[in-house]
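1. from the sequence below, what's the structure:
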Amino acid sequence: MNKEKFHQSIDNIHVPVEKLKVREQTAMLQAKRKQKARKTTTRSLLVACGLCVSLLGSGFVSTNMANALSNIPLIGSFYKDFGDISADKIEQHQLMTVINEQASKNGLTMTVKEAAYDGNRLMVSVVYTADKEIDISGVNGFGDITINGQQVVQVGGQTGQDDVDANTVIEHHQVTFANYEAYGDEIEVTVHGEDLFGYEGELEVTFPLKKVAGDSTVVTPNVSATTADELYTVTAEKVTFSPLATRIDVSVDYPVEMNENDTWPWFEYYVVDDAGKIYDGLELQPGMMPGNFGHHMVLTLPPLDKIPASLTLVPQGTNSDGYLEEIKDLTLTVPLVE
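-> Just a heads-up that it's a prediction; the model follows:
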């Protein structure tokens with residue numbers, strides 16, 4: 001597994017470098033998922049456009065073929081390949097909006113294929129085609145996304161990337177916003193890129209995007225758990241059920257001096273619903289409000305068709321042996337249905 005390519009999937013998560021050690025278990029799961037993605041993404045694309053699999057086996061796709069790939073819609077399995085937590089819902093309900101807008105310069109074309117937005121998350125899929133071989137080792141494509149002309153403030157995100165052939169690269173970007181419903185029902189998204197993959201020049205694609213259809217429900221339980229020594233308190237402030245995700249806003253209170261000496265806690269979590277279903281690994285994306293020193297966490301789970309009676313948050317800390325261990329005092333059951 002290429003270390004640089006793995007780190008692309010967690011670069012957008014606001015976690016201090018010194019806290020990353022406790023993310024080892026999730027990292028290994030992401031690495032395995034990425035390996036699978038590299039084996040399956042190209043096959044899915046070829047099936048989508050009805051191409052012969054023997055073309056893939058030869059390791060060669062012509063420039064015309066690459067251009068054809070840039071003009072086809074993606075399919076649900078593509079999002080599964082990149083570990084998107086909304087993949088099943090996307091496939092079942094066709095939630096992605098086809099964009100197919102592109103910009104070209106100096107032999108490189110950036111095509112925004114599809115996008116989806118629900119007020120909580122934004123997903124954008126991009127295909128790059130070039131007139132020479134693209135080297136993707138340790139390199140992402142576009143640099144950033146703006147919404148309504150403003151830089152996106154996010155609590156977490158992921159980027160998945162794979163090469164379709166030597167001249168074609170596909171990327172899937174996921175962003176979870178710092179604040180739910182910060183941008184409105186209809187937004188203008190701009191994808192920016194500069195000097196991508198060794199090609200000089202700026203590329204920019206702007207497109208309108210509407211919020212996906214579907215209801216959103218916000219529950220404000222405000223339930224807390226405190227350690228016996230009263231050092232830490234975890235509060236589930238808000239749970240948001242939207243078409244593309246389930247979002248849990250969690251506040252963590254701890255002594256102010258921990259901010260000053262940079263010893264503030266980073267807890268790993270897994271979540272269990274009332275039926276015993278466990279959300280962890282690739283089904284749970286943790287994030288932190290920028291500049292918040294861990295006081296405000298956001299846990300993002302897959303979208304749920306039915307609101308469960310409760311969700312139990314299980315925080316974990318690192319023990320003296322370097323392994324994750326449940327913090328029982330802070331385990332918190334969050335009621336969601338009266």
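2. C-alpha from now on. contacts and neighbour counts both.
-> Noted.
3. tell me which helix or strand in this protein has the weakest average pLDDT.
-> One helix or strand of the chain scores below all others by mean pLDDT, DSSP states H and E: helix 53-58, with a mean of 31.
4. next, the buried residues of the host helix or strand of Lys89.
-> Using DSSP states H and E, Lys89 sits in helix 87-93. Using 16 or more other Cα atoms under 10 Å as the test for burial, helix 87-93 gives Ala87, Asp88, Lys89, Ile90, Glu91.
5. the fourth one against Met96, yeah?
-> What it means is Ile90. Yes: using Cα atoms under 8 Å, Ile90 is in contact with Met96, at 6.7 Å.
6. still on that earlier bit, now the buried residues of helix 87-93 in CSV, with distance to Gly281 and pLDDT?
-> Converted to CSV, the buried residues of helix 87-93 look like this (distance: Cα to Cα, whole Å; pLDDT from 0 to 100):
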residue, distance to Gly281, pLDDT
Ala87, 15, 79
Asp88, 17, 83
Lys89, 19, 85
Ile90, 20, 81
Glu91, 21, 80
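7. quick one: which of the residues you listed is nearest to Val169?
-> Nearest to Val169 among the buried residues of helix 87-93: Ala87, at 20.2 Å, using Cα to Cα.
8. let me see the ranges of the strands in the stretch 151-300 of the chain.
-> 154-165, 168-177, 186-194, 202-210, 217-219, 223-226, 233-242, 245-253, 268-273, 278-279, 285-288, 296-301 (DSSP state E, counting those that start in this stretch).
9. closest one to Arg121 among the ones you listed?
-> Nearest to Arg121, of all the strands of the stretch 151-300 of the chain, is strand 168-177, at 4.5 Å by Cα to Cα.
10. the residue of the chain positioned farthest from its centre and Tyr254, how far apart?
-> In the chain, Asp229 marks the outermost C-alpha relative to the chain mean, sitting 35.6 Å out by Cα atoms, centre = their mean. Separation of Asp229 from Tyr254 (Cα to Cα, to the nearest Å) stands at 11 Å.
11. cool, Thr220 as well?
-> Applying Cα to Cα to Thr220 and Tyr254 gives a distance of 22 Å.
12. and the pLDDT for the residue farthest from the centre of the chain?
-> Looking at Asp229, its pLDDT is 93.
13. now it: how far from Glu325?
-> For Asp229 relative to Glu325 (Cα to Cα), the value is 18 Å.
14. what do you get for Thr97?
-> Applying Cα to Cα to Thr97 and Glu325 gives a distance of 42 Å.
15. same check on Pro208?
-> From Pro208 across to Glu325, the span is 45 Å (Cα to Cα).
16. hmm, back to that, closest to Gln161 out of the buried residues of helix 87-93?
-> Of the buried residues of helix 87-93, the one sitting nearest to Gln161 (Cα to Cα) turns out to be Ala87, at 15.9 Å.
17. distance of that closest one relative to Asp118?
-> To Asp118, Ala87 is 14 Å away according to Cα to Cα.
18. one more: Lys306?
-> 17 Å.
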